[in-house]
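J.: Sequence plus predicted model, see below.
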Amino acid sequence: MEVPTGEVLDIARSGENLTSRLAGVPVRGTITTQGTFLMTGTGVPSANRTDTLTLTGSYLAPLTDGGTASINGVLTGSYVRASDTGGQRCNVNSPFSATRD
């Protein structure tokens, strides 16, 4: 199982609450006043598989007016498939960074 790559991550913010969608999985969470955030979500099970994604990281505000904001952190993917032999589980951790368009 691979961590989603090359996708646009549009994060909506309302106060401390964050919402987004990654690899078809809705994720939501919160951001602190210090800029650290945690977002998690579980996709709709299909073909006996359940995907859970977690994003943890930090928001870095632009250093100057007109500068570029960025986020960085770790994406954790937990993929579980039920089977007659007790199931299969795969966990993937991947660092990420992104800038605001």
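T.: Ah, there it is.
J.: wait, what's in contact with Glu16?
T.: Taking C-beta atoms under 8 Å, 6 or more residues apart in numbering as the criterion, Glu16 is in contact with Thr30, Ile31, Thr32. Every C-beta, even on glycine, is put in place using the N, C-alpha and C of the backbone.
J.: Narrow those residues to just the buried residues.
T.: Ile31 (16 or more other C-beta atoms under 10 Å).
J.: For Ser70, state which of the contacts of Glu16 is nearest.
T.: Ile31 (13.8 Å; C-beta to C-beta).
J.: so the closest one touches Tyr59, yeah?
T.: Yes - here Ile31 reaches Tyr59: they are 6.3 Å apart, a contact under C-beta atoms under 8 Å.
J.: between the two, what contacts are shared?
T.: Phe37.
J.: low-scoring pLDDT stretches of the protein, where are they?
T.: Flagging of the chain using pLDDT under 70 yields the residue ranges 1-4, 84-85, 101.
J.: I figured Pro62 hits Thr68, correct?
T.: Yes - between Pro62 and Thr68 there is a contact under C-beta under 8 Å: 5.9 Å.
J.: Name the SS class of the one residue sitting closest to the centre of the chain, please.
T.: Centroid check for the chain by C-alpha atoms, centre = their mean gives Leu55 as the closest residue, at 3.5 Å. Here Leu55 is recorded as strand under DSSP: H, G, I helix; E, B strand; the rest coil.
J.: quick one: it and Val27 touch, right?
T.: Yes - taking C-beta under 8 Å as the definition, Leu55 is a contact partner of Val27 at 6.4 Å.
J.: shared neighbours of the two, anything?
T.: Met39, Thr40.
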